[in-house]
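Engineer: Return a 3D structure for these sequence lines:
(one chain, ligands or ions: 2)
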Amino acid sequence: MTESDVVAGSEALSTEIAALVVGVRARQPRAIGRAISLIEDRRHSRGQLIGELYSHIGRARVIGITGPPGAGKSTLVDRLTRRLREDDETVGILAVDPTSPFSGGAILGDRIRMQNLYTDPGVFIRSMATRGAMGGVTPATHDAVDVLDAAGFDWVLVETVGVGQDEVDIVRSVETVLLVTVPGLGDDIQAIKAGIMEIADVFVINKADRDGVERTYRDLQMMVSMDEGTARRPQILKAVAVRNEGIEEILSAVRDHRRWLRESGELAGRRRRHLRLRVENILKEHVLAMAEESGGLESALERGLNALSDPYAVADSVIRGVLRRHAPSAQRAETEE
Ligand SMILES: Nc1nc2c(ncn2[C@@H]2O[C@H](COP(=O)(O)OP(=O)(O)OP(=O)(O)O)[C@@H](O)[C@H]2O)c(=O)[nH]1
Ligand SMILES: [Mg+2]
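Structural biologist: Ligands and ions are numbered 1, 2, ... in the order given. Prediction:
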C-alpha cells in the first residue's frame, strides 16, 4: 500500500472493479476468485470493491466450522454441502488456515476430499492462505465472506483450524459457530474452553464411531451447563461425517440457532460487535500504513533504538508526522502554538 493509496479513498470506480462487481454478482467463479485474490493481496481497491458489493450482502447464512486439526471439519463441510445441494441451495466455502504458513498440504487434502464439489456450479470453494502481517487474515476473511454473500450463495461455510485469537475473530463474523471436536480429547476440551468455547453455538462431536463418545458428551454437557455467561446453551450433537451420520441434525440445529438469533434480538448485538471489530481492524491497518508512509515510522524507530526516545515518545512523534501530512488544520494549529 502506498501513501497515495491510503488517501485516494474517493477516486472514481475503476473499470477493473466495475467488471469484478458485475462478475461477482453474476456468480462467475473467475470473478469471485479474482475478487478474493485482490482482497488477499490487500490492494487498496478492495475498499471500493466491498463498497460496491455492500448493498447486496446480508442474505447468506454464514456458518463457521472450527475446532482442532484433523477433527473432520472439511469432511463435515463436504457432507453439509452435499446435503444442501440436494435442496438446490448454493454454497460458498472458505477454508482458512491462519496458523500454519505451510497450508499447501492441507489445502491439497481438502481438494481431494471435495473433488466432486469443485465441478458443481452451485458450489464455490476457496482456500485462504495465511497472512503474517498485522490485521492480516481476519479482515481478508470478512471481506471474502462479503464477496460470497454478494455473489448470492445461499450459504457461506467458513472452515478455520485451531483455536487461537484469529479464529475467534474470524468466526465472530459468522451467524452460527459449529465447534467440531472428537471423542477422547480431554485436554482439548480444556484448550477449547480457554479459547473459543464461549462463542460456540453448536458443539459437534465428530468421529462418534470411536470410543469415548459418551464421556466427551458428558464432559461437554457439564462444561456447557456450568457456563452462566452464554445467552443460550449450545446444543451438543454427535456425528460420523465419513458415514454421513448426524448431518441432518446439524443443519436443523443451525436453523434453530438462526431462528433464536432473530427472535431474541441477539443478532443485532452480534452485528454491532462484528462491525466494530472489523472497523477497528481496518483502522489499525490504515493508521499503520500512514505511519509507515508519512509519519516517519522508520526514522522514529531509529531514534528509539538509540535511546533518544522512549516508545511512547516514538509513537507520539509518528502520530504528529501523520497529522502534519494528512490534516492541514492540525498542522496550522501546531504552528500557531
Ligand atoms: N473415523 C472417522 N474418521 C473421520 C470422520 N470424519 C472425518 N474423518 C477422517 O479424519 C481425517 C481428517 O478429516 P478432515 O475432514 O480433513 O479434518 P479437518 O478438521 O478438516 O482437518 P484440518 O483441516 O487439517 O484441521 C480424515 O482422514 C477423515 O477421513 C468420522 O466421522 N469418523
Ligand atoms: Mg480441513
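Engineer: Tell me which residues touch the closest residue to Ile199 other than its chain neighbours, please.
Structural biologist: Sequence neighbours aside, Val177 is the residue nearest to Ile199 in space, at 5.3 Å (criterion: CB to CB, 6 or more residues apart in numbering). Every residue, glycine included, has its C-beta placed from N, CA and C. For Val177, the contact set (CB atoms under 8 Å, 6 or more residues apart in numbering) comprises Ile63, Gly64, Thr66, Val171, Ile196, Ile199, Ala200, Asp201, Val202.
Engineer: Which residue would be the closest one in the stretch 1-150 of the chain to ligand 2?
Structural biologist: Per CB to the ion, Ser74 is where the stretch 1-150 of the chain lies closest to ligand 2, at 3.2 Å.
Engineer: Which helix or strand contains that residue?
Structural biologist: Element membership of Ser74, judged by DSSP states H and E, is helix 73-86.
Engineer: quick one, phi psi at Thr119?
Structural biologist: Dihedral angles of Thr119 (phi, psi; degrees, to the nearest 10) stand at phi -100, psi 0.
Engineer: Mark out where each domain of the protein begins and ends.
Structural biologist: Taking automatic domain parsing as the domain assignment, the ranges for the chain are 57-264, 295-336.
Engineer: Point out the most buried one among these.
Structural biologist: Of all these, domain 57-264 has the most neighbours on average by mean count of other CB atoms under 10 Å, namely a mean of 19.
Engineer: Is ligand 1 within reach of that one?
Structural biologist: Yes - Domain 57-264 is in contact with ligand 1 by CB under 6 Å from any ligand atom, via 69-75, 106, 109, 161, 206-207, 209-210, 240-242.
Engineer: on that earlier part again, what packs against the helix holding Ser74?
Structural biologist: The helices and strands touching helix 73-86, judged by 3 or more CB pairs under 8 Å, 6 or more residues apart in numbering; DSSP states H and E, are strand 61-67, strand 91-96, helix 104-113, helix 115-118, strand 155-161, strand 176-181, helix 247-264.
Engineer: Which residues outside that helix are in contact with it?
Structural biologist: Contacts of helix 73-86 (CB under 8 Å, 6+ apart): 65-67, 91, 93, 95, 109-110, 113-114, 117, 120, 122-123, 154-155, 157, 159, 161, 178, 180, 204, 206, 239, 241-242, 244, 247-248, 250-251.
Engineer: sorry, back to before: okay if I get the helices and strands packed on helix 73-86 as TSV plus distance to Val145 and mean pLDDT?
Structural biologist: As requested, the helices and strands packed on helix 73-86 are arranged in TSV below (distance: least, CB to CB, whole Å; pLDDT from 0 to 100):
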stretch	distance to Val145	mean pLDDT
strand 61-67	6	91
strand 91-96	7	92
helix 104-113	18	52
helix 115-118	18	68
strand 155-161	6	90
strand 176-181	13	91
helix 247-264	16	95
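Engineer: Let's see stretch 26-42 as CSV, backbone CA atoms only.
Structural biologist: These are the backbone C-alpha positions of stretch 26-42, laid out as CSV (Å, rounded to 0.1, in the frame of the first residue of the first chain):
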residue,chain,number,x,y,z
ALA,A,26,-23.4,-13.0,-11.8
ARG,A,27,-21.7,-15.6,-9.6
GLN,A,28,-18.9,-16.2,-12.1
PRO,A,29,-16.2,-18.3,-10.4
ARG,A,30,-13.4,-16.5,-12.1
ALA,A,31,-14.6,-13.1,-11.0
ILE,A,32,-15.2,-14.3,-7.4
GLY,A,33,-11.7,-15.8,-7.3
ARG,A,34,-10.1,-12.7,-8.6
ALA,A,35,-12.1,-10.5,-6.2
ILE,A,36,-10.8,-12.7,-3.3
SER,A,37,-7.3,-12.5,-4.6
LEU,A,38,-7.5,-8.7,-4.7
ILE,A,39,-8.6,-8.8,-1.1
GLU,A,40,-5.8,-11.2,-0.1
ASP,A,41,-3.2,-9.1,-1.8
ARG,A,42,-4.6,-6.2,0.3
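Engineer: Now do the buried residues in it.
Structural biologist: Arg27, Gln28, Ala31, Ile32, Arg34, Ala35, Ile36, Leu38, Ile39, Glu40, Arg42 (16 or more other CB atoms under 10 Å).
Engineer: Need those residues in JSON lines (columns: secondary structure, distance to Arg85 and pLDDT).
Structural biologist: Shown next, in JSON lines, are those (DSSP: H, G, I helix; E, B strand; the rest coil; distance: CB to CB, whole Å; pLDDT from 0 to 100):
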{"residue": "Arg27", "secondary structure": "coil", "distance to Arg85": "15", "pLDDT": "96"}
{"residue": "Gln28", "secondary structure": "coil", "distance to Arg85": "19", "pLDDT": "96"}
{"residue": "Ala31", "secondary structure": "helix", "distance to Arg85": "22", "pLDDT": "96"}
{"residue": "Ile32", "secondary structure": "helix", "distance to Arg85": "18", "pLDDT": "96"}
{"residue": "Arg34", "secondary structure": "helix", "distance to Arg85": "25", "pLDDT": "95"}
{"residue": "Ala35", "secondary structure": "helix", "distance to Arg85": "23", "pLDDT": "96"}
{"residue": "Ile36", "secondary structure": "helix", "distance to Arg85": "21", "pLDDT": "93"}
{"residue": "Leu38", "secondary structure": "helix", "distance to Arg85": "28", "pLDDT": "92"}
{"residue": "Ile39", "secondary structure": "helix", "distance to Arg85": "26", "pLDDT": "90"}
{"residue": "Glu40", "secondary structure": "helix", "distance to Arg85": "27", "pLDDT": "86"}
{"residue": "Arg42", "secondary structure": "coil", "distance to Arg85": "33", "pLDDT": "79"}
